[in-house]
Structure formats: C-alpha cells, structure tokens
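Peer 1: got a predicted structure plus its sequence, pasted below:
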Amino acid sequence: MTAVDLTILYRGPLASCDYDCPYCPFAKRRDTTAQLRADRAALERFTRWACAQTGDRLSILFTPWGEGLVRSWYRRAMIELSHQRHIDRVAIQTNLSCRTEWLADADLETVALWCTYHPGQTPYDRFLDKTARAASAGVRFSVGIVGLPEHLEHARRLRADLPEHIYLWVNAAEGHTYTDAAAADWTALDPLFPFSRHPHPSAGLPCRTGSSVISVNGDGDVRRCHFVPAALGNLYDGSYRAALAPRACPRTECDCHIGYVHLETLPLYDVFAGGVLERIPGRPTRVLAETALGLPAIPARTATATPTRQRRSHSSARNNRQPSLSADHEKAGSSYRS
C-alpha cells in the first residue's frame, strides 16, 4: 500500500461543554453517561488506528463540538499520539478550562493547542495564568477570540498581556458585518483578520481536502471536510484510501478558517507553515500583513510565531483540521466562524 502524508480532522460524538457562550448552540450541553462512554470508545479506537499507521505520516486535529480536554480520554490520546514517531502534530481546539499539568507527559515537539478565550465564561486572570503556564513549559499554542463588538476591549487586554510571540487570532462572528473602521480595530490586533472578515468564493477551486486532508467522525466515516457531506469511505476498513485525490470545492463559498485554510488559491499554507493545525503563523504577522494580504504593516503590537522545532522527520508544510458534521449538528449551525 502506498504511503500517504495525511492531515486528519477528527470529531467524535462528544457534544457537551462546560461553558454557556451565547453564540454557541452547544453551550452547557450535557452528554449522558452512555454518550460519554461512546465518545471514549470511539476516540480510543481512533487512537489505536492512528498509532498503527506507521507507514504513513499523520497530523491530527481534534475538533470536538464540546470541550474535550476536561475529559481524561482526550488528554490520554493527546499524550499517546504525541509520542508516535510517524505523527508530526497532534492538536486540539480548546477553551483551556482544563488543568495543564498533563502536558508535561506529552512530547512538546508534537503536541499543540488551539485556544479560545470566551469573555464572561472564565475569570480573565485564570485564563491568562493557564496561557502563562503553557508558554513557560514550551507548549505550542495560539489564542483567539470571537470578533464581537463587546469583545474588543477584552481582546486588546489579552494582546497586551500575552507574550509577544503568542499569536492572537480573531474569528469574524457568524452573521456579523464589519465596517471598515471596525475591521481596522480587529486588524490592529490580528493582521490576518482580513482573511476571516468575508467568506471566500470556493466553487470549482482546488482544495487540499479529500486529497491530503480528510474529516473523520466517531464511526470512522471519512469525508473531505466538515462542510461537504459526501462520504469517501471508512477509515477502519481502508476504503477511503482509494478515494484520495485532488478535488475542486463543490460549495459556493467557504467562511470558516478550518475550511478555507486548505484552499490552494489562498496563501495560508505558507502563512501558517509549520503551524496550520494549531493556527500559528510561520513568520511575524506584521510581515504577513504586507506579503500575504498586500496590506501596509500594522503598527500595533502584534504576535510573532514561535520558532518551529525540528522533530524527527517533521514535514512542517502540512498540518490542520476539521471533521465531519452530523445532520443534526449541521442544522444547529454555529454562531461564530472557526
């Protein structure tokens, strides 16, 4: 069997969260004991599969609907996968409400976090302290916030308090229109915000999803990305491999970072070289504002990327995420763009 270099976006059945953000349809949702057991079994099955794929090169991003790291099985999976020589990166989207001591058992050259700060859901100092602990331990991570008007001062405070090398990203809020003045405020904090401000036309354009990037759910069903429901096969019977091929996007537009980051017509694999999964730019964001966007450099204090550490035979040009959406979840939608 031909070896592959593959990014996998995994999302199991977990849909519970310890936060109740007003812009999220899964806020304070509670999974039953049976649902949690099913999620744990699905994740353990996926972890066993990924550990066994020693002939391939893998990068994995966990994108649970709820908060995964408050569950012990997600922490264990991150640790185990991080020590596999054929896995270049394992990352997870998290609100960082979990304890951080478990990261000491992970391979810090492989593990990474995509962290979101949700004002009003956790004390600011508690969140900032966890980022400080992660930074001092050498953990790769980015921090972000949803670009709602009421979040602007929180974001400014966060940018001022975070170490300069930590990238602060801003997601355009779902359904929210930004005036040029408002967009300028957010761009002063995140020079790459213009990529998020408007949806990207994608119909018929080449995309890495379905070729070097796939989405996987708890049953092992493989799709090209989170937003295209057509199945490519199953992970566990190997039927997906024959379907891996370059594909054009069938959707009119893509408005979510975890989708459009894989469009070949955008420069985002160069922008996030070595950090696509964890959303960490490969160069200072002020430089990227000039080169990737053709914009003047932003004079405000902005983040630079943590230098990429070389690991084993790290293939740093590829990493990133997003799995498949169940019918119920797709109907529920999301109130902010990832």
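Peer 2: Sure thing, it's come through.

Peer 1: check which helices and strands the biggest helix by length in the chain is in contact with.
Peer 2: As assigned by DSSP state H, the longest helix anywhere in the chain is helix 33-52. Helix 33-52 is packed against strand 5-11, helix 72-82, with contacts defined by 3 or more CB pairs under 8 Å, 6 or more residues apart in numbering; DSSP states H and E. Backbone N, C-alpha and C define where each C-beta goes, glycine included.

Peer 1: what comes into contact with the last one?
Peer 2: The contact list for helix 72-82 (CB atoms under 8 Å, 6 or more residues apart in numbering) reads 39-40, 43-44, 46-47, 50-51, 60, 62, 64, 68-69, 87, 90, 92, 98, 102, 105-108, 110-111.

Peer 1: just the buried ones out of these, please.
Peer 2: Of the members of the contacts of helix 72-82, the ones counted as buried by neighbours, 16 or more other CB atoms under 10 Å, are 39-40, 43, 46-47, 50-51, 60, 62, 64, 68-69, 87, 90, 92, 98, 102, 106-108, 110-111.

Peer 1: show me the shaky parts of the chain.
Peer 2: The model of the chain has pLDDT under 70 over residues 17-29, 284-338.

Peer 1: how does it look with 50?
Peer 2: For the chain, residues meeting the criterion pLDDT under 50 lie at 295-337.

Peer 1: which residues in it form strands?
Peer 2: 5-11, 57-62, 87-94, 111-116, 140-147, 168-172, 200-201, 206-207, 213-217, 221-225, 228-234, 247-248, 253-254 (DSSP state E).

Peer 1: any chance of those strands in CSV, with distance to Leu192 too?
Peer 2: Conversion of the strands of the chain to CSV gives the following (distance: least, CB to CB, whole Å):
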stretch, distance to Leu192
strand 5-11, 20
strand 57-62, 18
strand 87-94, 17
strand 111-116, 14
strand 140-147, 11
strand 168-172, 7
strand 200-201, 13
strand 206-207, 19
strand 213-217, 20
strand 221-225, 20
strand 228-234, 25
strand 247-248, 25
strand 253-254, 16
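
Peer 1: dump the residue contacts of the closest residue to Leu14 other than its chain neighbours.
Peer 2: Sequence neighbours aside, Asp39 is the residue nearest to Leu14 in space, at 4.2 Å (criterion: CB to CB, 6 or more residues apart in numbering). Contacts of Asp39 were listed using CB under 8 Å, 6+ apart, and they are 12-14, 31, 71, 73, 218.

Peer 1: how far away from the center of its chain is the longest helix of the chain?
Peer 2: Here helix 33-52 is found 20 Å from its chain centre; the criterion is CA atoms, centre = their mean, to the nearest Å.

Peer 1: run the angle between that helix and helix 72-82 for me.
Peer 2: Between helix 33-52 and helix 72-82, the angle formed by their directions is 0 degrees, by axes from the mean of the first three to the mean of the last three CA atoms, to 10 degrees.
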